[in-house]
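**Q** Sharing a model prediction with you, sequence too.
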Amino acid sequence: MMKNQFKSLFLILGLFGIVNIGWAQTRADIKVNFDKKIAEMKPVWAWFGYDEPNFTYMKDGQKLLTDISNLSPVPVYVRAHNLLTSGDGSPALKWGSSNAYTEDKNGNPVYNWTIVDRIFDTYVKRGMKPLAQIGFMPEALSVKPIPYQHQWKPGMRYEEIMTGWSYPPKDYQKWGNLVYEWVKHCVERYGQKEVESWYWEVWNEPDGVYWKSTQADFFKLYDYAADGLKRALPTAKIGGANVTGGGSKYLDAFISHCLTGTNYVTGKTGSPLDAVLFHAKGSPKFVDGVVVMNIRAELQNVAANYKVISKYPQLKNIPVIIGEFDPEGCAACGMSTNPENAYRNGTMYSSYTAASFARLYELTDQYNINLLGAVSWSFEFENQPWFAGFRDLATNGINKPVLNVFKMFGMMKGNRVEVQSNHMYPLKTVLDSSIRRSAPDVGVLAASDQKSATVLIWNYHDVDKKGITDTVAISLNGLGKKIVTIQHFRIDDEHSNAYEAWKKMGSPQQPTVAQIATLEKSSKLKTIGKAIKYDTSAGPFVFELPRQGVSLLSVR
């Protein structure tokens, strides 16, 4: 009786605003109906990218690519900037080079595929595939080559990276022939069937600071690149325009050019368009010493570009690739210069990733888009301080908690199924006001095939605060079996989290061999206890999930 009286008093105080009543005071009830299929559980998450292509074949880069390829049930696609940039192959932040194109003293092209082959070899060896970016402008082709290599560092103005590589070619015919020779070489090296499975795209964010010329000049750049590619391999797939998150109007103009515009090479109508690409980014802020994420901004970018694509009946079912899908825009800006990026090392990044990809599936269903992939622009930064706050998947060869979310995604196979959660924000609410109410987003995504079922659950809020734990009760319906085996995987401060382990060591910047071994062990995806037998008719499966925690139930 006393307990009920206290509960009534608490509710009355809440009505008058004396205490804050939110979902945290009640249980998150989740229902999963495995017999009600929604759509294929497409591995749209199995796409990754980064600025610095020379990290690809370095020690930690190779290790991370192996880890990524192993976690995915399908070939992972990889997108990198600077594949045609001039230089000696030495990497720097937001810089890389291959020296694929130079000219002799008479202005004749000289092609050298050594470095770009090394990059693609590293992918293909692991069963991965390039989302091959045709860019940036070689020094010998640029209309304004000097200065060429930038000296950007975190804290400097972002625009200072835009040097000679960001300008148009002085000769578009040579630009088109460069693409022709590159694709022809790839067919000779990897085989026609392999290269036919790749996607090619031109440049990066031409509506932003990456392109130092007009929209018309970019369309011309694209037409010559597409012409060169199709001359080398008519069945190769190319698309664009990888506009910025806010670039839906530019994307609209690009699509219109490809469908009805005059081709700059042929003079005929239209240009090849085998895929449509755009970017989507969130925008975190640092407010009163706390990071506040903005999942709304990222999803609104998606919705705006989906609307553009949907208005063209000619594009029905065309492959769509989100060329960058991230919480914000600068992977190489660490938290020392950008405190709003402090979310990147720990569980805020992993829980945000779970919540954002789940909404991406829902938004894609709503617009009936043929989404192939969403590139997480996050890789690794070779020879940088430990846990420096870059947007990366690993630090000095040790995987961060966020990579374990992708391991969880990799276990989800078959079809997405119907789910309900009384603590999951509706998509409309997220698009309108993000996840900012007093209560967290305790959401769910589930899938099943003939042999297994998986349930992903997260406890997320835009405000980067911990210390709150919610009770989760999951009803597993429609499995066709009364007794099942459940294995519970978890990402939180105690599980699958090398960052927390590193902090407990005292945050060493020169960890010992033994400490590195401990960090490696801590980085693995961990389970809570052993697999258990569970009677689904006995009621919901109940557990506690802390704020920013992510769980995956593997049901057999």
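**A** Thanks, I have it. Numbers count the residues shown, from 1 in each chain.
**Q** Now tell me which helix or strand of the chain has the poorest mean pLDDT.
**A** The weakest-scoring helix or strand in the chain, judged by mean pLDDT, DSSP states H and E, is helix 2-15 (a mean of 36).
**Q** which strand of this protein spans the most residues?
**A** Assignment by DSSP state E gives strand 28-40 as the longest strand of the chain.
**Q** list the helices and strands it packs on?
**A** helix 347-367, strand 415-421, strand 441-448, strand 453-460, strand 469-477 (3 or more C-beta pairs under 8 Å, 6 or more residues apart in numbering; DSSP states H and E). Every residue, glycine included, has its C-beta placed from N, CA and C.
**Q** quick one: average confidence on the shortest one?
**A** On average, the pLDDT along strand 415-421 is 98.
**Q** Who are the packing partners of that strand?
**A** Using 3+ C-beta pairs under 8 Å, 6+ apart: strand 415-421 touches strand 28-40, strand 441-448.
**Q** Pick the most deeply packed of the ones you listed.
**A** Counting by mean count of other C-beta atoms under 10 Å, strand 441-448 has the highest mean neighbour count of the helices and strands packed on strand 415-421, with a mean of 26.
**Q** Make CSV out of the helices and strands packed on strand 28-40 and add distance to residue 195.
**A** Formatted as CSV, the helices and strands packed on strand 28-40 follow (distance: least, C-beta to C-beta, whole Å):
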stretch, distance to residue 195
helix 347-367, 28
strand 415-421, 31
strand 441-448, 31
strand 453-460, 34
strand 469-477, 44
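**Q** just so I know, which of these lies nearest residue 484?
**A** Closest approach to residue 484 among these is made by strand 469-477 (7.2 Å; C-beta to C-beta).
**Q** Can you check what angle separates the helix or strand following the closest one from helix 347-367?
**A** Downstream of strand 469-477, the next assigned helix or strand under DSSP states H and E is strand 483-491. Taking axes from the mean of the first three to the mean of the last three C-alpha atoms, to 10 degrees, one finds strand 483-491 and helix 347-367 inclined to each other by 120 degrees.
**Q** pLDDT of strand 483-491, averaged?
**A** Mean per-residue pLDDT for strand 483-491: 97.
**Q** What is the helix or strand following that strand packed up against?
**A** Scanning forward in sequence from strand 483-491 by DSSP H and E, the next helix or strand is helix 498-504. Secondary-structure packing of helix 498-504 (3+ C-beta pairs under 8 Å, 6+ apart): strand 398-399, helix 513-523.
**Q** closest to residue 161 out of the ones you listed?
**A** Of those, nearest to residue 161 by C-beta to C-beta is strand 398-399, at 27.8 Å.
**Q** Where does pLDDT dip in the stretch 51-200 of the chain?
**A** Within the stretch 51-200 of the chain, no stretch has pLDDT under 70.
**Q** quick one on the thing from earlier: tell me which of the helices and strands packed on helix 498-504 is the most buried.
**A** When you average the neighbours per residue for each of the helices and strands packed on helix 498-504 (mean count of other C-beta under 10 Å), strand 398-399 leads with a mean of 26.
**Q** how far does that one sit from the chain's center?
**A** 17 Å (C-alpha atoms, centre = their mean, to the nearest Å).
**Q** before we move on, back to that, and the helices and strands packed on helix 498-504: which comes nearest residue 89?
**A** strand 398-399 (25.4 Å).
**Q** which residues touch the most centrally placed residue in the chain?
**A** Nearest to the mean C-alpha position of the chain, by C-alpha atoms, centre = their mean, lies residue 376 at 1.6 Å. By C-beta atoms under 8 Å, 6 or more residues apart in numbering, the contact set of residue 376 is 45, 47, 48, 49, 325, 326, 353, 393, 406.
**Q** try residue 260
**A** Per C-beta under 8 Å, 6+ apart, neighbours of residue 260: 269, 270.
**Q** Please repeat the previous calculation with a cut-off of 10 Å.
**A** Taking C-beta atoms under 10 Å, 6 or more residues apart in numbering, we find residue 260 in contact with 269, 270, 314.
**Q** just to revisit the earlier point, which one of the helices and strands packed on strand 28-40 lies closest to residue 61?
**A** Minimum separation from residue 61 across those (C-beta to C-beta) falls at helix 347-367, 19.7 Å.
**Q** Now for residue 319, how many residues are close by?
**A** For residue 319, the neighbour count with other C-beta atoms under 10 Å is 17.
**Q** ok, what's across the strand from it?
**A** Note on residue 319: beta-bridge partners residue 370, judged by DSSP bridges.
**Q** pLDDT averaged over stretch 355-366, what's the number?
**A** On average, stretch 355-366 scores 98.
**Q** Renumber starting at 21 from here on
**A** I'll keep to 21 as the first residue from here, and by that count the last item is stretch 375-386.
**Q** Please identify the buried residues of it?
**A** Buried positions in stretch 375-386, judged by neighbour count with 16 or more other C-beta atoms under 10 Å: 375, 376, 377, 378, 379, 380, 381, 382, 383, 384.
**Q** roughly how far is it from the heart of the chain?
**A** Distance of stretch 375-386 from the chain centroid (C-alpha atoms, centre = their mean) equals 13 Å.
**Q** go on, stretch 298-316?
**A** Going by C-alpha atoms, centre = their mean, where stretch 298-316 is centred and where its chain is centred differ by 15 Å.
**Q** What of stretch 560-570?
**A** Distance, centroid of stretch 560-570 to centroid of chain: 25 Å (C-alpha atoms, centre = their mean).
**Q** Show me which positions of that stretch end up buried.
**A** Buried-residue list, stretch 560-570, by 16+ other C-beta under 10 Å: 561, 563, 565, 566, 567, 568, 569, 570.
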